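Trainee: This is a predicted model, with the sequence first.
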Amino acid sequence: AFAEGIRAVLSGASAGFALEYAFPTPSGQLWFAGKVVPFPDRELASAIVIHENISAHKQLEDRFRQAVESAPNAIVMVNEAGTIVMVNAQTEHSFGYARGEMLGQAVEMLVPERFRAAHVGFRQAYLAKPESRPMGAGRDLYGRRKDGSEFPVEIGLGLVENHAETLVLSSIVDITARKRLEHRFRQAVESAPNAIVMVNESGRILMVNAQTELSFGYDRSELVGREVELLVPERFRQAHIGFRRAYLADPVSRPMGAGRDLYGLRKDGSEFPVEIGLGLIDDENGSIVLSSIVDITERKNASDTLKQALNEKEMLLKEVYHRVKNNLQVVSSLINLQAGSVKEETTSDLLKQSADRIKAMALLHEKLYQSKDLARIDFNEYIRSLVNHLLYGYGAHAGKIRIDLQIDNVFLDMDTAIPCGLIINELLSNALKYAFPGDRPGEIRITFVREQGEWVLTISDNGIGLPADLDFKHTGSLGLQLVDTLTNQLMGHISLDRTGGAAFILRFAETP
């Protein structure tokens, strides 16, 4: 009977906890933790065990209360009837009540009035199928302070079971600051001048702004929850899925579709050119892709108009160069005809030199007419054409002279090419006429290279050379005077090397 009494006391004292029973045996010993131990005073032994079990229970309860009290979130414990049985300090701070005002009250006092009736139903449904989970998934939840003001919250639910009843433990987080940031973010997105589309990892649209509705012709309710490929022309959709997955595999903020023309698809089926910038937002539910979409219809139209105007201008310039070339050739031919009718050899020679100069300029306009780039002339090709023209003009004697060309890939603008072409014409003509008298064979070398940021043009021959007393910069020869003048026009420097014939070396700065 005594032992049964001890068991009953211990059972009442240790509700919800597994405790060790101790009771006396008929032989005067103590039965404790499955063992018989000697203990002369049975009543004292029983009292010690009861005290130790109650102390252990009290210690655990104190630790639990300390943990709840120090929690950074509001903690509210409610029984099956919806009555508050425990709160912590953060609950007092968040809701503005003293805990004495909350204990024993229905938990609905912390819920805005418009939600109270529904809250009772949600609470009862939870008790019918209790499990630890977030409360109100997919709904905005609010708490109500003592002063009547409301604030947004997130609530986690957990179950505490004891022998007497089931208790629900609610962890409540005030998310006012987070909601404020979300509101500012949404305001920024909504007021953006570009269409903004937010897409989750599966490619479904989570959010759009007003500009998206305007650009694509959809109401946002028609877009949210749909696959983003709805906004992509059908011929690009399959490829877009692959591009989207590739971006998520290696996400980095960047323009989309670099080097490709991108198009959006409106609700009415029409397409429009776009530029798209991609960015990534990490969310607790996964990665979210933020797309900024710019309608570039006006820019593309302006670009197409500009390209058309440039093409027309290019065609006009080519026509101008073609006409100038033809006119110069006509003038050159007329001068040559006139030279042929002049009996005085010196005058005829001067007329032929003038015709060659005009021909040199005509060749430049011809090369520009043939060039894809009207701003620059392929000077390598030009020099070869000029050499062929002069060799043809000097007839049979030129056949005994070898021309060696060593020319880099030289491209010159018109302002540089004309003086360079005339200088080559003058120096090459002089070499053909005077360097190899009496049908003497020989070699003329033309090199045009880039050295240390400047062009170096060299025209040399292994002929008889120039007279030792000739100052080529101060001479009565019109050709050499023209060479000196054109060198100054290029802001260059020309020198003469008399070793083994004659070598004119022209240096001038490379134009940017």
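Mentor: Good, I have the coordinates.
Trainee: which residue sits closest to residue 437, ignoring its sequence neighbours?
Mentor: Leaving aside its chain neighbours, residue 437 sits nearest to residue 464 (6.7 Å; criterion: CB to CB, 6 or more residues apart in numbering). C-beta here means a position set from N, CA and C on the backbone, and glycine is covered the same way.
Trainee: Confirm the one you found sits in a strand?
Mentor: No: counting by DSSP: H, G, I helix; E, B strand; the rest coil, residue 464 is not found in a strand; it is coil.
Trainee: quick one: it from residue 174, how far?
Mentor: Using CB to CB, to the nearest Å, residue 464 is found at 104 Å from residue 174.
Trainee: Would you mind telling me which of these two has the busier surroundings?
Mentor: Ranked by neighbour count (other CB atoms under 10 Å), residue 464 and residue 174 place residue 174 first, with 18 against 15.
Trainee: okay, residue 223: pLDDT?
Mentor: Looking at residue 223, its pLDDT reads 94.
Trainee: Do I have it right that it meets residue 205?
Mentor: Yes: look at residue 223 against residue 205 with CB atoms under 8 Å: they come within range, at 5.1 Å.
Trainee: so what's residue 495 bridging to?
Mentor: residue 505 (DSSP bridges).
Trainee: Mind pulling up the pLDDT for it?
Mentor: Confidence score, pLDDT, at residue 495: 92.
Trainee: how many other residues sit next to it?
Mentor: 12.
Trainee: what's the answer for residue 236, then?
Mentor: By other CB under 10 Å, the residues close to residue 236 number 17.
Trainee: try the one 4 residues further on
Mentor: Residues lying near residue 240 (other CB under 10 Å) number 19.
Trainee: Shouldn't it be within a helix?
Mentor: Yes: under three-state DSSP, residue 240 falls within a helix.
Trainee: Number the residues from 530 up from this point.
Mentor: All right, first residue 530 from here; so that's residue 769.
Trainee: Quick check: it touching residue 762?
Mentor: No: in this structure residue 769 lies outside contact range of residue 762 using CB under 8 Å: 9.2 Å.
Trainee: sec struct for residue 1015, please.
Mentor: Under three-state DSSP, residue 1015 comes out as helix.
Trainee: tally of neighbours for it?
Mentor: When neighbours are counted by other CB under 10 Å, residue 1015 comes out with 19.
Trainee: okay, now residue 871: neighbour count?
Mentor: Residue 871: 14 surrounding residues under other CB under 10 Å.
Trainee: Just list the residues touching it, thanks.
Mentor: Contacts of residue 871 were listed using CB atoms under 8 Å, 6 or more residues apart in numbering, and they are 877, 880.
Trainee: What's the separation between it and residue 878?
Mentor: Applying CB to CB, the value for residue 871 to residue 878 is 9 Å.
Trainee: repeat for residue 1011
Mentor: Taken as CB to CB, the span from residue 1011 to residue 878 is 15 Å.
Trainee: now do residue 616
Mentor: Residue 616 sits 117 Å away from residue 878, going by CB to CB.
Trainee: and stretch 874-892, which residues are buried?
Mentor: For stretch 874-892, a neighbour-count test (16 or more other CB atoms under 10 Å) marks 877, 880-892 as buried.
Trainee: Same check on stretch 804-819?
Mentor: Result for stretch 804-819 [16+ other CB under 10 Å]: buried residues 804, 805, 807, 817, 818, 819.
Trainee: Widest-spaced pair of these?
Mentor: Maximum pairwise distance among those (CB to CB): 20.6 Å, between 804 and 817.
Trainee: can you give me the strands for the stretch 580-729 of the chain?
Mentor: For the stretch 580-729 of the chain, the strands defined by DSSP state E, counting those that start in this stretch cover 603-607, 613-616, 662-663, 670-673, 679-690, 695-703, 724-728.
Trainee: lowest-confidence stretch among the ones you listed?
Mentor: strand 662-663 (a mean of 73).
Trainee: Need the residues that contact that strand.
Mentor: Against strand 662-663 from outside (CB under 8 Å, 6+ apart): 683, 684, 685, 686.
Trainee: for the closest residue in space to the second one that isn't next to it in sequence, what are its contacts?
Mentor: The one in question is residue 684. Distance criterion CB to CB, 6+ apart; nearest residue to residue 684, sequence neighbours excluded, is residue 664 at 3.9 Å. Taking CB under 8 Å, 6+ apart, we find residue 664 in contact with 651, 655, 670, 684, 685, 686, 699.
Trainee: ok, now residue 918?
Mentor: Per CB under 8 Å, 6+ apart, neighbours of residue 918: 885, 888, 892.
Trainee: So, low pLDDT: which residues of the stretch 930-1041 of the chain?
Mentor: 1040-1041 (pLDDT under 70).
Trainee: Mind listing the residues bridging to the residue positioned nearest the centre of the chain?
Mentor: Geometric centre of the chain, nearest residue: residue 783, 1.7 Å, by CA atoms, centre = their mean. Beta-bridge pairing for residue 783 (DSSP bridges): residue 807.
Trainee: next one: phi and psi at the residue lying closest to residue 769 once chain neighbours are set aside?
Mentor: Among residues not flanking residue 769 along the chain, residue 761 sits closest, at 4.9 Å (CB to CB, 6+ apart). Main-chain torsions, residue 761, degrees, to the nearest 10: phi -110, psi 130.
Trainee: All set, thanks.
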